[in-house]
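A.B. asks: quick check, what structure comes out for this input:
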Amino acid sequence: MFGIPGKQAVTMTPAAQAHIRRLMEKDGSVGLRIGVKKGGCAGMEYTMEYVREIAQADEVVELDGARVMIAPMAQMFLFGTEIDYETSLLESGFKFRNPNVADACGCGESIKFKDVAELQAEGGEGS
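C.D. replies: Residues are numbered from 1 along each chain as shown. Presented below is the predicted three-dimensional model:
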């Protein structure tokens, strides 16, 4: 596992917690799995999917009934991220405040992460 012992990999604002709980109830899932994949104009994109079953390698974060699982390959990139849910006149959706992001494109959905060596130096290596 990557990160600092005793510290949650991600945090969720009360708005994100409430929305994730609503999604879990509506879909009957055990939570949302968050990951990253190659794509977008900056090189990487966040992924979210409903989860019916928690994988053994997932990092599980649960706050006030809202549960997210972090896919194994994304744990290093998401450590320290705050997940929020914002609603405005034009759009609503999850917002990721991620200290590991070096650059993001104008659409806000595509990101570029800091170098892996830099991330390991900041967060430490865990087992």
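A.B. asks: any idea what residue 33 is bridged to?
C.D. replies: Under DSSP bridges, the beta-bridge partners of residue 33 are residue 49, residue 69.
A.B. asks: count of residues packed around it?
C.D. replies: 21 (other C-beta atoms under 10 Å). Glycine gets a C-beta too; all of them are placed from N, C-alpha and C.
A.B. asks: surely it meets residue 58?
C.D. replies: Yes - using C-beta atoms under 8 Å, residue 33 and residue 58 qualify as a contacting pair, with a distance of 6.7 Å.
A.B. asks: overlap in contacts, those two.
C.D. replies: 69, 70, 71 (C-beta atoms under 8 Å, 6 or more residues apart in numbering).
A.B. asks: measure the last one to residue 90 for me?
C.D. replies: From residue 71 over to residue 90 the distance is 30 Å, taken as C-beta to C-beta, to the nearest Å.
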